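Engineer: heads up, no residue letters with this:
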Ligand SMILES: Nc1ncnc2c1ncn2[C@@H]1O[C@H](COP(=O)(O)OP(=O)(O)O)[C@@H](O)[C@H]1O
Ligand SMILES: [Mg+2]
């Protein structure tokens, strides 16, 4: 029983990170009907900026302070927000009127650019990452909750509440949902489509930055290809929840993290990566619109 | 002069949809464009509201040359377009749809007052204000589309086939409301296939045929015109 709860805690923590990344995929898909394959690399850049910032502002041996961690994370968020804005502006906007396949290929190109640009600047080798303060794990009725997991879960909850408020209770959120249904009619309401799309990229990239810092703290290392696997899995999470659906991405991330942790915990960790792709195949076969995706009935 | 098109051309790729369309709409008028399916009525409205960029010609609105402006810029200038097929957002509530109509306004108190006015104009919307707009019937969706366009406090309102697919009694209600809106000072450019109804309420009408204006006159003149009666009134 204790083992089960332990896996659940670990799974929720991992799933929260997937969810944060998945939100970026799903929001961009919502407004642009584009799978932004470079999104996993923006996540990587978040971790990398975190590494540079902490290498610069904190000493190697001492445990970083809480304020130091927040500062480093905010820096990564700002940097990735700008990167997300620039990627959309330079790579995707000129192709908006072109067939979708052009943007998709460009997305893969941007992804390679960030991965190999990262290798060029950062070097291919993983580097140790220590942004969060070192604290002993919390022990609760026999379950041990790592400090990183605790911070991950709490941070994600706060961010998701904030995001939920943005999407469902602000002017910009209404505009995002309108654009995701029908951009040309949204424009007739006075919505500046370009602005909404830029905002969406920035928002998604900021969340990916936080996910990058948390992920790199959990598996304490950073390297330029670290965005590949979590990026793919977060994409699966977004599809699982229903691509384009914000609560769906949260749910999908959580379920995927849990499934992965439970399967690798009770069988063998070599099954870990197979879980995500098994789920992808299953959902595409059974309910391609995803768990919370728009059903047929809602479309008419 | 509220709106004036001169020699406007619009292409969809290789398709030449509008060929030198010219017409004008004076302040406070109801002007209607009639014509068969595919004549270019919707394309004309799209060019006026900035959804399409004309390949030639001029569009003047409220004293400015606006050809090629983005739609949101035109909305800010009081030009609103309730598009063909209503274009409501089924994934938003009725209130959210209406608020979206006031997207560029910041006067929250006045917005709330206008929201209430819209719901008074269409009581059937008030009953369902918090429901998703996708649950409305066709007639109610058309009412929502008109109420939403009014939320922007338009000077010029473009309406694309508001009667399409609606039961006759609902069409009558909607046409009464269009006249009511016009009396309150909103200039209206109305596209209709229902030529009889449209000409009946219009100050001026233009007949479009395959992308060209072929006839014009006051609403009453066109209603009497033998060509119009033959082609559009089924006589
Ligand atoms: N998106 C489009 N792509 C290509 N051709 C179009 C498009 N929309 C309309 N057309 C063509 O332009 C012409 C005018 O269409 P439209 O303005 O919709 O006519 P109406 O509203 O009078 O029925 C038609 O020949 C139609 O086939
Ligand atoms: Mg039409």
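Structural biologist: Structure's in. What do you need? Since this is a predicted model, take the numbers as computed values, not measurements. Ligands and ions are numbered 1, 2, ... in the order given.

Engineer: Thought residue B:144 was touching residue B:124, still the case?
Structural biologist: No - here residue B:124 does not reach residue B:144: they are 9.4 Å apart, not a contact under C-beta atoms under 8 Å. Heads up, the C-betas are built off the backbone N, CA and C, glycines and all.

Engineer: how about stretch A:94-106: buried residues?
Structural biologist: Residues of stretch A:94-106 classed as buried under the neighbour-count rule (16 or more other C-beta atoms under 10 Å in any protein chain shown) are A:95, A:103, A:106.

Engineer: to the chain's geometric centre, what's the distance from it?
Structural biologist: 23 Å (C-alpha atoms, centre = their mean, to the nearest Å).

Engineer: what ranges do the strands span in the stretch 101-250 of chain A?
Structural biologist: With DSSP state E, counting those that start in this stretch, the ranges of strands along the stretch 101-250 of chain A come out as A:127-128, A:138-140, A:143-145, A:221-222.

Engineer: Adjacent strands (with direction) for the last one?
Structural biologist: In other words, strand A:221-222. strand A:127-128 (antiparallel) (DSSP bridges).

Engineer: same thing with the third one?
Structural biologist: Taking DSSP bridges as the criterion, strand A:143-145 pairs within the sheet with strand A:138-140 (antiparallel).

Engineer: Could you check how many residues crowd around residue B:6?
Structural biologist: Per other C-beta atoms under 10 Å in any protein chain shown, the neighbour tally for residue B:6 reads 13.

Engineer: returning to that earlier point: so for residue B:124 and residue B:144, which sits in the more crowded spot?
Structural biologist: Neighbours per residue, other C-beta under 10 Å: of residue B:124 and residue B:144, the larger number sits with residue B:144, 26 against 14.

Engineer: So the more buried one, which state does it fall into?
Structural biologist: helix (DSSP: H, G, I helix; E, B strand; the rest coil).

Engineer: and it, how far is that from ligand 2?
Structural biologist: 19 Å (C-beta to the ion, to the nearest Å).

Engineer: what do you get for residue B:76?
Structural biologist: 26 Å.

Engineer: For the residue nearest to that residue when sequence neighbours are not counted, give me the pLDDT.
Structural biologist: Nearest non-adjacent residue to residue B:76, counting by C-beta to C-beta, 6 or more residues apart in numbering or on different chains: residue B:104, 5.3 Å away. Confidence at residue B:104, expressed as pLDDT, is 95.

Engineer: I figured residue B:104 hits residue B:74, correct?
Structural biologist: No - using C-beta under 8 Å, residue B:104 is not in contact with residue B:74, being 10.6 Å away.

Engineer: Show me which of the two is the more surrounded one.
Structural biologist: residue B:74 (25 against 17).

Engineer: Just the element for that one, please.
Structural biologist: helix B:71-76 (DSSP states H and E).

Engineer: sorry, back to before: just give me the lowest mean pLDDT stretch among the strands of the stretch 101-250 of chain A.
Structural biologist: strand A:138-140 (a mean of 85).

Engineer: what bits of chain A have low per-residue confidence?
Structural biologist: Counting by pLDDT under 70, chain A has low-confidence residues at A:57-62, A:295-300.

Engineer: Mind doing that once more with 50?
Structural biologist: A:296-300 (pLDDT under 50).

Engineer: what's next to stretch A:242-252, contact-wise?
Structural biologist: A:18-19, A:22-23, A:25-27, A:29-30, A:160, A:163-164, A:167, A:180, A:236-241, A:289-294 (C-beta atoms under 8 Å, 6 or more residues apart in numbering or on different chains).

Engineer: If you could redo that for stretch B:58-70, that was the one I meant.
Structural biologist: In contact with stretch B:58-70 (C-beta under 8 Å, 6+ apart) are residues A:187, A:192, B:1-8, B:47-48, B:50, B:53-54, B:57, B:73-74, B:77-79, B:155-156.

Engineer: So residue A:184 sits against residue B:49, correct?
Structural biologist: No - using C-beta under 8 Å, residue A:184 makes no contact with residue B:49, being 9.8 Å away.

Engineer: Overlap of the contact sets of those two?
Structural biologist: Common neighbours of residue A:184 and residue B:49 (C-beta under 8 Å, 6+ apart) are residue B:71.

Engineer: Please identify which of the two sits among more neighbours.
Structural biologist: residue B:49 (27 against 15).

Engineer: didn't that one look like it was pressed against residue B:71?
Structural biologist: Yes - under the criterion of C-beta under 8 Å, residue B:49 makes contact with residue B:71 at 5.5 Å.
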